[in-house]
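Q: Dropping the sequence and predicted coords here.
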Amino acid sequence: MNNKITTLRTEVEHELTTGILPFWMEKMTDNVQGGFYGRIDGDGNLHADAPKGAILNARILWTFSAAYRLLRKPEYLETATRAKRYIIDRFYDKDFGGVYWSLTANGEPLDTKKQVYAQGFAIYGLSEYARATGDREALDYAVKLFETVEKYSFDRDRNGYIEAFTREWKPIEDMRLSDKDENTSKTMNTHLHILEPYANLYRVWKNERLERQLRNMLDLFIGKILNKKTYHLDLFFDNCWHTDGNIISYGHDIEASWLIHEAALVLGDEALLKRIEPVITNIARAADEGLNPDGSMIYEAAPPILPIGEELAEDDQRQSLPSKGRLEGLDRELHWWVQAENVVGHVNLYQHFGDEKALDTAMKCWQFIKDKIIDHANGEWHWSLMPDGTVNRRDDKAGFWKCPYHNGRMCMEIIERFA
């Protein structure tokens, strides 16, 4: 094994088992009201009365299930089982199906809307628990959620998945996943995180309809979501797949490059892989426009909106736009999750395509993470490093969106790929 990979694997396993996972077991387990606390702020203060989000709990379930599958430590299974019970017993809506968006601190329904992104993560966590343990209950609930998403969210006329619904699966006016998002009916982000759990569910449930929808989603990414001029992924779409395509999310680009590849690998279709692989390498190269010299990756950018009829010249379309000064509104904040996906995406290029330069990028980014993002004193990772070089303590250390999933998965991807 390559010496760089050996070093990387050793270091990420140490970070996973001594930094990330202990933080969540020791500081986020709610032994008073059940499940897991909803928030620890950026200064390390516990907010025991904070709401409990579906994304946080589903990602905890996935992370500890995967950790148990790989490392077989009983404490990981205990935490995964706790998360499984909380998802099934508290988040699952037994009247209308699907999982609620959030609960109160004591586990009562709070925001009962059905965000399809959250349904995807519940499928992801439950299917991973089934994969790790063979548990039939977890698989049954993952399948129930799949059937619910297909029944209510899948757009049979125009293809793709609608973003959000009321508790009763009726249309909802505000479909946004967060305040940062546009209020559109279809998004790249939700489709990516339906692709991801469907691929994981297919590992343990070889269902013909699931396979068909997984293949359809790969076609959507290549045919609708991918911007064929830039190889970035467009983010927001209306029902008919129209988009202004005006935001570039480097973190989502590099994450999608390997998740799309993973889904094709799970299907095991050589003809499909032959069609997909050139696309995903181009997506990864486009994401590299967001790289800094130290291997870190910036958050996003907004290109200028060109006047109607004006297009980039052909030789400009695939150039590194930041270096050409063509982007405006660069967000140079260095988010924890973007760095984690940056490492995995470039390791994927090395593993499957022999790209040594990509491995060097992954190693440089890992060094940046060690130096700037990991909280060595208190465990877990900081939310981000600000453009001025200071640690962002304004955003959570653990919370609705700050979960052990991106960084934990980064570590486990490397452990598993190079076992």
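A: Done, it's in.

Q: Tell me which residues of stretch 27-35 come out buried.
A: Residues of stretch 27-35 classed as buried: Lys27, Met28, Thr29, Asp30, Gln33, Gly34, Gly35 (neighbour count, 16 or more other C-beta atoms under 10 Å). Where you see a C-beta, it was placed from the backbone N, CA and C, and this is true even at glycine.

Q: As a check, name the ranges of all strands in the stretch 1-150 of the chain.
A: In chain order, the stretch 1-150 of the chain shows strands spanning 52-53, 102-103, 109-111, 114-115, with DSSP state E, counting those that start in this stretch as the criterion.

Q: ok but Asn407 is inside a helix, no?
A: Yes - according to DSSP: H, G, I helix; E, B strand; the rest coil, the state of Asn407 is that of a helix.

Q: Next one: it from Glu196, what distance?
A: Note on Asn407: its distance to Glu196, by C-beta to C-beta, to the nearest Å, is 16 Å.

Q: Between those two, point out the one with more neighbours.
A: Each of Asn407 and Glu196 has its neighbours counted (other C-beta atoms under 10 Å); Asn407 has more, 27 against 22.

Q: circling back to that earlier point, would JSON lines of the buried residues of stretch 27-35 with distance to Met386 and pLDDT be doable?
A: Listed next are the buried residues of stretch 27-35 as JSON lines, based on distance: C-beta to C-beta, whole Å; pLDDT from 0 to 100:
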{"residue": "Lys27", "distance to Met386": "24", "pLDDT": "98"}
{"residue": "Met28", "distance to Met386": "25", "pLDDT": "98"}
{"residue": "Thr29", "distance to Met386": "30", "pLDDT": "98"}
{"residue": "Asp30", "distance to Met386": "31", "pLDDT": "98"}
{"residue": "Gln33", "distance to Met386": "34", "pLDDT": "97"}
{"residue": "Gly34", "distance to Met386": "36", "pLDDT": "97"}
{"residue": "Gly35", "distance to Met386": "32", "pLDDT": "98"}
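
Q: Farthest-apart pair in those residues, please.
A: Farthest apart among the buried residues of stretch 27-35 by C-beta to C-beta are Lys27 and Gly34. That separation is 16.0 Å.

Q: element containing Ala301, please.
A: Applying DSSP states H and E as the criterion places Ala301 in strand 300-302.

Q: Next, the buried residues of that strand.
A: With the criterion 16+ other C-beta under 10 Å, strand 300-302 contains buried residues Glu300, Ala301.

Q: The residue lying closest to Lys364 once chain neighbours are set aside: neighbouring residues, count only.
A: Leaving out its chain neighbours, the residue that sits closest to Lys364 by C-beta to C-beta, 6 or more residues apart in numbering is Gly295, at 2.7 Å. By the other C-beta under 10 Å criterion, the neighbourhood of Gly295 contains 20 residues.

Q: Look up how far His346 lies from Gly295.
A: Where His346 is concerned, Gly295 sits at a distance of 9 Å (C-beta to C-beta).

Q: overlap in contacts of these two?
A: Each of Thr361, Ala362, Cys365 lies in contact with both Gly295 and His346 under the rule C-beta atoms under 8 Å, 6 or more residues apart in numbering.

Q: Who wins on neighbours among the residues you listed?
A: Top of the shared contacts of Gly295 and His346 by neighbour number is Cys365, holding 29 neighbours under the definition other C-beta under 10 Å.

Q: Help me confirm that Pro387 comes into contact with Arg332.
A: Yes - with contacts counted by C-beta atoms under 8 Å, Pro387 reaches Arg332, the gap being 4.3 Å.

Q: Mind checking which of the two has more residues around it?
A: The residue with the greater number of neighbours, taking Pro387 and Arg332 and applying other C-beta under 10 Å, is Arg332; the counts read 16 against 13.

Q: about what we covered before: by contact count, what packs against the strand holding Ala301?
A: strand 248-249, helix 250-267, strand 328-331 (3 or more C-beta pairs under 8 Å, 6 or more residues apart in numbering; DSSP states H and E).
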